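>>> show me the folded form of this:
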Amino acid sequence: MAGATVTTDASRIWQQQLSRLERLQQQIDDLDALARDERERRSLELHPLQRRWRELTVALAHGLAGRLEDKSLSERQREVARERVCALAARMADGGDAGMRELHDRHSPRSWEQRRRDAAQDLRLRMEARLGQALDLGDAPPSPELVWQIGREKLRDLQDSRREQRQERAHARQARRSSTAAREQAQAEAADADQVLRQIYRQLASAWHPDRETDERERRRKTELMGQANAAYERRDLLSLLRLQGQDIRDGVGAAGHAQADERLAAMTLLLKRQVADRERARAALQSALALEFDLPPGQPAQPQTLAADRQAQREAMQLAIRDRERDLRCLDERVALRRWLNAPWMG
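From the prediction side, this is the model:
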């Protein structure tokens, strides 16, 4: 049939790698958009609840501190009240409330700073036992939050490292099975790929060199385009160079079915494979960063459904915590209720 295009193995592999690369880039873009949307949603939905809970907690700490000398309470009840004041104040001081820190130290035999150091050391020992290696906290003062953050990052790095080691062992086994001829062919293809990339870049540089342009407006346009081409070449980003060149990627490498075109296509495919591997690593790193940022359970990916479920769970938990704080505050207004509250178990 006239005008029909012959699809070779080389062109099919090119199409597969190109589609894979475009899907990966779209997934990365989607993750970036998802993260921006999730931050905005949490700011609108969770931050007001967190702020209300903090206000109630501060009010409860101050109100309970005012009952510490209430002679209608037993000595044991006053001691329990003092412990709860310190626990409430310490929690708010952990969030940066200087007034709550002062309230804590006024009523606690152990300062807030001492409590933080002890908690950080205890958490560090447990983290290091789990990781099997020491945690490097740098020069920053140790805190439970810092230990937790570095420990989680170290754990994720360890998991990523083990996964990469498994992949490297698999690649090594595959490489050992490869023949010398196959390795030589791979080296030749890599050289061809570099040559193709350089050739496309030189074509763009020749067409867009701004010093050859007399029109000032056109000079600025070509300067911008040349900057994009330089950046793409520096990244060895074949796809961006081809798009800048204005080629139709799917059939812009020559007539399919010709040996010369297939050789060039194979070289370009090798570059695409490298970019696919880079994008896969970038996607995995972004997923890991988002899981850490939104405090998702280990192994749970950052997806619209998982983030929405986690946000809903946090919202419900905060609403329940606010109701508990409001109930606790009401107990301060009536002595019988206060004594009953001090005698009952308390979750903090």
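>>> can you read off the pLDDT for the spatially most central residue of the chain?
Centroid check for the chain by Cα atoms, centre = their mean gives Ala289 as the closest residue, at 1.5 Å. Turning to Ala289, the model gives it a pLDDT of 87.
>>> that one: which element?
helix 259-293 (DSSP states H and E).
>>> quick check: next helix or strand after that helix?
Next along the chain after helix 259-293, taking DSSP H and E as the criterion, comes helix 304-331.
>>> now that next one: buried residues?
Buried residues in helix 304-331, counted by 16 or more other Cβ atoms under 10 Å: 307, 310-311, 314, 318, 321-322, 325, 328, 331. From N, CA and C alone the C-beta is placed, and that goes for glycine too.
>>> out of those, who's nearest Leu56?
Distance to Leu56, by Cβ to Cβ, is smallest for Arg325 among the buried residues of helix 304-331, at 3.8 Å.
>>> export stretch 270-285 as CSV, just CAs?
C-alpha atoms of stretch 270-285 as CSV (Å, rounded to 0.1, in the frame of the first residue of the first chain):
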residue,chain,number,x,y,z
LEU,A,270,19.9,3.9,24.5
LEU,A,271,19.8,7.6,25.5
LEU,A,272,16.1,7.2,26.3
LYS,A,273,16.8,4.2,28.4
ARG,A,274,19.2,6.2,30.5
GLN,A,275,16.6,8.9,30.9
VAL,A,276,14.0,6.3,31.9
ALA,A,277,16.3,5.0,34.6
ASP,A,278,16.9,8.6,35.9
ARG,A,279,13.1,9.3,35.9
GLU,A,280,12.4,6.1,37.8
ARG,A,281,14.9,7.1,40.5
ALA,A,282,13.5,10.6,40.6
ARG,A,283,9.9,9.2,41.0
ALA,A,284,11.0,6.9,43.8
ALA,A,285,12.9,9.7,45.6
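>>> name the residues that touch it?
Contacts to stretch 270-285, defined as Cβ atoms under 8 Å, 6 or more residues apart in numbering, come from residues 14, 17-18, 20-21, 24-25, 27-28, 31, 160, 189-190, 192-193, 196-197, 236-239.
>>> how does it look with 7 Å?
For stretch 270-285, the external contacting residues (Cβ atoms under 7 Å, 6 or more residues apart in numbering) are 17-18, 20-21, 24-25, 27-28, 189-190, 193, 197, 236-239.
>>> give me the lowest-pLDDT entry from those residues.
Among these, Glu189 has the lowest pLDDT, at 51.
>>> what residues are up against Arg101?
Contacts for Arg101 (Cβ under 7 Å, 6+ apart) come out as 93, 112.
>>> gap between it and Cys86?
Here Arg101 is placed at a distance of 11 Å from Cys86 (Cβ to Cβ, to the nearest Å).
>>> same deal with Arg67?
In terms of Cβ to Cβ, Arg67 sits 14 Å off from Cys86.
>>> much appreciated, bye for now.
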